[in-house]
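1. Have a look; sequence and predicted model below, questions after that.
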Amino acid sequence: MSSTVTESADQPTGSATTADAPVTRAEYCAVAVADAFAGDGESIASAFGTIPAIGVRLARLTVAPDLLLTDGEAHFVSGTWQIGADPHATEGVVVEGWSPFRTIFDLVWHGKRHVMMIPVQIDGHGNTNISAIGDYAQPKVQLLGVRGAPGNSVYHPTSYWVPNHSTRTFVPTVDMVSGVGTDSARAAGPAASAYHDLRRVVTNLAVLDFGGPDGALRLLSLHPGVTLEEVRAATGCDLHVEGEVPATREPSAEELRLIREVIDPRSLRDREIPA
Amino acid sequence: MADKTLTARDAVSRLEPGMTIGIGGWGSRRKPMALVREILRSDLRDLTIVSYGGPDVGLLCAAGKVRKVVFGFVSLDSIALDPHFRAARQRGAVEVAEYDEGMLQWGLYAAGIRLPFLPTRAGLGSDVLKHNPDLKLVQDPYGTEQLVAMPPLRLDAALVHMNRADAQGNGQFLGPDPYFDDLYCLAADQAFMSCERIVPTAELSAAGHSATIKINRQLVAGVVETPNGAHFTSCAPDYERDEAFQREYVKAAGDPQAWAKFEKRYLSGTEDDYQAAVAARAEEVA
């Protein structure tokens, strides 16, 4: 990759792109996202949000080289392009297939896809809400609608990205179950649980999964600088904690280089997760 | 062969209050907005709208045309939410049937190929089942699983917008994605297709691979030429979404007075008036 990127007004000056600058929270999050896709093979990685977009591109360059990524419109594309850039205007990016919504819908139900969605609410078993807050007949806040969350969550691996880990997001019960949690899948029977596979929840504070008793939300690691008490206070649902919780792993020098110089040289990650 | 060309007004005159109308496109992409605007000018009301929703749903809700929305999402893509749909829901002004977006496809497909249902796992374990109490499960006759039996979403009429069409009703998409427009036509008693340009049939096959002529004439009751007719949604490669106009739409929707001004400027006249106002706006900004 060339280094001809022009300095833009929004680019933090100086240290953000130098190799020895301290690792930012956004970078810990991006690496944790990449780890969530590790070993996925020839699977479609669909990512919502800036950090997940960085994470899946990083994963394809490191731990999951066979991932399929789309241009966000209707094509599978190989190669790597910068966050905020047009893949079709990027040298080395090649269209490798046609992926209109019709095809994506087939491939969702086929199962070789791993999505990372952004829930507005999530509970202690991974039920998530992107539909409506409050009374369903007359919501306090109408959101996007369930979109593909019900199907995604029962047909293929599903992870979540929570850029603002708080008691508003992690709630005892969600108002409208859009993405299906571990308890709901079990209760709905074998057809719902056959391919149900909740993987990770990456937040701005921590990494979690559903490896607790009976598919309960479990704390896997704390991002450096975050305390267990802080996460507990920001989590409004039950949280399973086993023994000493490790720190989220350090990015390698190569991962930092890829994030800072190849994938996100404009540091758009700092807008989602301020340094 | 029959010449099916007609005006937007004639097409909308064939619709009736209380009808179930499917609207093609996706979010804020290739929506038949000229036909939607014609509905805004009509006396139609109490409509049930089936849509991968965008500003079509928002505008119809704002004008009080909608009794019920059948949807999986309503979004403007570059702006996450449509403000009018949001407001209508938060006032309790519209009923909804909310499905997973794959279930919506299945419902249109079941209607199109005349099946009583199509089975799917989508919906199981979610509150889609709770809020659509009419949805039933079906037993796999070969095995043991219980699946959702998605019923047909039969449409009284479908409205879609294509890049090109011929006068007989063959329709062509030239952008990246056909969306589900052919399924809407398949599911409808009568489908009206607007397009950027009506051309001789031979120009369709010359413009692209025959796979892009996604809609065939037996599915189409009427063809309407509406240049810039998807505005302000995208209609690639003819034009991209008018992002500045969409922002103005969203901003105006947040305030009754601003919305009244928006309506007066853009929505009070004919389609020609609309297009003139849009052109004048573009001049002002430039």
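-> Done, it's in. Numbers count the residues shown, from 1 in each chain, chains lettered A, B, ... in the order given.
2. drop to CA atoms for contacts and neighbour counts, all remaining ones
-> Will do.
3. neighbours around A:Ala89, how many?
-> Counted with other Cα atoms under 10 Å in any protein chain shown, the neighbours of A:Ala89 add up to 10.
4. OK, contacts around it?
-> Listed by Cα atoms under 8 Å, 6 or more residues apart in numbering or on different chains, the contact set of A:Ala89 is empty.
5. What separation is there between it and A:Arg249?
-> Distance of A:Ala89 to A:Arg249, given as Cα to Cα, to the nearest Å: 34 Å.
6. low-scoring stretches of the stretch 1-150 of chain A, by residue?
-> Within the stretch 1-150 of chain A, the ranges that satisfy pLDDT under 70 run A:1-18.
7. ok, which residues in it are in contact with chain B?
-> For the stretch 1-150 of chain A, the contact set with chain B under Cα under 8 Å from any Cα of the partner chain comprises A:73-74, A:100-102, A:105, A:137-150.
8. Buried ones among those residues?
-> A:74, A:100-101, A:105, A:137-150 (16 or more other Cα atoms under 10 Å in any protein chain shown).
9. ends of stretch B:120-134, how far apart?
-> Stretch B:120-134: ends 16 Å apart by Cα to Cα.
10. right, is that stretch up against chain A?
-> Yes - Stretch B:120-134 is in contact with chain A by Cα under 8 Å from any Cα, via B:121-128.
11. what are the phi and psi values for the residue of the stretch 151-275 of chain A found nearest chain B?
-> Relative to chain B, the nearest point of the stretch 151-275 of chain A is A:Gly151 (4.1 Å; Cα to the nearest Cα). Backbone torsions of A:Gly151, given as degrees, to the nearest 10, read phi -70, psi -50.
12. thought it was touching B:Arg121?
-> Yes - when contacts are counted by Cα atoms under 8 Å, A:Gly151 is listed as touching B:Arg121 (6.9 Å).
13. quick one: which of those two has more around it?
-> A:Gly151 (30 against 26).
14. Spatially nearest residue to that one, not counting backbone neighbours?
-> Distances taken as Cα to Cα, 6 or more residues apart in numbering or on different chains place B:Ala122 nearest to A:Gly151, at 4.1 Å, with adjacent residues excluded.
15. Wait, that neighbour touches A:His156, no?
-> No - B:Ala122 is beyond contact range of A:His156, at 11.1 Å (criterion: Cα under 8 Å).
16. ok, those two, which is more surrounded?
-> B:Ala122 (30 against 21).
17. Assumed the more buried one was part of a strand.
-> No - according to DSSP: H, G, I helix; E, B strand; the rest coil, B:Ala122 belongs to no strand; its state is coil.
18. Now do the contacts for it.
-> Contacts of B:Ala122 by Cα under 8 Å, 6+ apart are A:150-152, A:154-155, B:100, B:102-103, B:148.
19. B:Val223 is in what secondary structure piece?
-> Using DSSP states H and E, B:Val223 sits in strand B:222-225.
20. can you give me how far that strand is from the chain middle?
-> 15 Å (Cα atoms, centre = their mean, to the nearest Å).
21. returning to that earlier point: among the contacts of B:Ala122, find me the one that's closest to B:Arg89.
-> B:Asp100 (18.1 Å; Cα to Cα).
22. which stretches of the stretch 51-200 of chain A form strands?
-> With DSSP state E, counting those that start in this stretch, the ranges of strands along the stretch 51-200 of chain A come out as A:69-70, A:75-78, A:94-98, A:113-117, A:121-122, A:128-129, A:132-133, A:141-142, A:157-162, A:197-203.
23. what helices or strands is the fourth one leaning on?
-> Right, the one you point to is strand A:113-117. strand A:44-47, strand A:157-162 (3 or more Cα pairs under 8 Å, 6 or more residues apart in numbering or on different chains; DSSP states H and E).
24. Send me that strand as PDB with only the CA atoms.
-> What follows is strand A:113-117, C-alpha atoms only, in PDB (Å, rounded to 0.1, in the frame of the first residue of the first chain):
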ATOM      1  CA  ARG A 113     -22.100 -16.800   7.200                       C
ATOM      2  CA  HIS A 114     -21.100 -15.100  10.400                       C
ATOM      3  CA  VAL A 115     -22.800 -11.800  11.200                       C
ATOM      4  CA  MET A 116     -21.800  -9.200  13.800                       C
ATOM      5  CA  MET A 117     -24.800  -7.000  14.500                       C
END
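25. which residues are contacting it?
-> A:37, A:43-48, A:52, A:107, A:152, A:156-161.
26. in its sheet, what does that strand sit against?
-> Strand A:113-117 sits in its sheet next to strand A:44-47 (parallel), strand A:157-162 (parallel), going by DSSP bridges.
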